[in-house]
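Undergrad: Next input, structure requested:
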Amino acid sequence: MKDAILVDLQENNLHSLDAYIKAINTVTNILSIQQYIQKGHIIPIVTDWPGQIYLRTAISRYLCYHDSSKITDNILSFLPIIGPLHILLNSRELVFLQYQPFFLEMYKYIFEDRKPLAQKPKP
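TA: Residues are numbered from 1 along each chain as shown. A predicted model of the protein is given here:
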């Protein structure tokens, strides 16, 4: 944990573009992170699908509108990637939804009518 940096503890729901920009700005206000970015390094951010959209939208807005977007150039140092856990969870949900009739019949066979099978799995 020699190179780990505790940035900040803040409550943030990360359900909007502004929330992601605020979180990015919090991280980039740290001197060591600024120096890391100035050396040309990138910072990968592992997010789920909505996080991918928000970060990529922020990057696109900066590239298109620059200063008028109220987004700093630091956003270009962040690389949104989807992690293996999110891929696994998304694929499981997709398989369940695709083959739901099969799972419904199997569930009825095992549990009969004691418990209904959820129509959409919980995230």
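Undergrad: just checking, residue 41 is part of a helix?
TA: No. Remark: residue 41 does not belong to a helix; assigned using DSSP: H, G, I helix; E, B strand; the rest coil, it is coil.
Undergrad: What's the local residue count around it?
TA: Neighbours of residue 41 under the rule other Cβ atoms under 10 Å: 10. To be clear about C-beta, it is placed using only N, CA and C from the backbone, and glycine gets the same treatment.
Undergrad: Leaving out sequence neighbours, find the closest residue to it.
TA: Sequence neighbours aside, residue 77 is the residue nearest to residue 41 in space, at 7.3 Å (criterion: Cβ to Cβ, 6 or more residues apart in numbering).
Undergrad: At the geometric centre of this protein, which residue sits there?
TA: residue 47 (2.3 Å; Cα atoms, centre = their mean).
Undergrad: on that earlier part again, now do the contacts for the residue nearest to residue 41.
TA: By Cβ atoms under 8 Å, 6 or more residues apart in numbering, the contact list for residue 77 reads 28, 37, 41, 42, 43.
Undergrad: for residue 43, same thing?
TA: Residue 43 neighbours (Cβ under 8 Å, 6+ apart): 27, 33, 36, 37, 77, 78, 79.
Undergrad: likewise residue 59?
TA: 75, 76, 78.
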